[in-house]
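Visitor: one predicted model, sequence on top.
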Amino acid sequence: VSFGDPLFGVFVLLPLQRHFSSQLKMAVFGEHMNTLRALGVPFQQFPLPLERYLSPPEDNLNLLNQYFHALVTGTLQQHWCPVLYVVAVAHVNTFIFSQENVPQETDVARRNMLQKTWVLKNEGLKKHLLYYKRANKENPLGFDLYEELPAIRLKYLQAITRKE
């Protein structure tokens, strides 16, 4: 099994599940971002449920920032690394639309990330981050999108982006 092979990718993706430490995830999305291209496991060959990577929602602010950075810089793209693309989109979406009471630093980061998402030039990524609904390995994207934002999300988005 060689670097870039789907089987290799599956083994590297195993410890990136949500219930494991974020240390390896931070390394993959930080100093080893170039490895993302080698983790291109098609959904049909991925043996685990995506929910193992998505639940509970990510709460590590540094990792959420790394996910967002990898997405907006194009380092992480759906056609290179579909599994981690879904993971990053899902966690960023959950974070930017969360309205839980959190420390001020987290709230400011969440609002800033939502504002940056709103002004993205990459319309496809913008749509994925704003309209993500749920993971779905049967969908070629790996997830379903809302046709329209739910009212509570739309109201929150309008409140945040009005402050620009």
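Guide: Received it, and whenever you're ready, just let me know what you need.
Visitor: may I see the buried residues of stretch 28-36?
Guide: Buried residues in stretch 28-36, counted by 16 or more other Cβ atoms under 10 Å: 28-29, 33, 35-36. No exception for glycine: its C-beta is placed from N, CA and C like everyone else's.
Visitor: quick one: low-confidence parts of this protein?
Guide: For the chain, the stretches with pLDDT under 70 are 1-4, 163-164.
Visitor: need the max-distance pair from the buried residues of stretch 28-36.
Guide: With Cβ to Cβ as the measure, no two of those lie farther apart than 29 and 35, at 9.7 Å.
Visitor: what about the nearest residue to residue 50 once chain neighbours are set aside, distance to residue 151?
Guide: Nearest residue to residue 50 in three dimensions, chain neighbours excluded: residue 135, at 4.1 Å (Cβ to Cβ, 6 or more residues apart in numbering). Going from residue 135 to residue 151 by Cβ to Cβ, to the nearest Å gives 23 Å.
Visitor: doesn't residue 24 lie inside a strand?
Guide: No. Read with DSSP: H, G, I helix; E, B strand; the rest coil, residue 24 is helix and lies in no strand.
Visitor: that one reaches residue 13, doesn't it?
Guide: No. Residue 24 is not in contact with residue 13 according to Cβ atoms under 8 Å; the separation is 10.3 Å.
Visitor: which one's more surrounded, those two?
Guide: Each of residue 24 and residue 13 has its neighbours counted (other Cβ atoms under 10 Å); residue 13 has more, 21 against 14.
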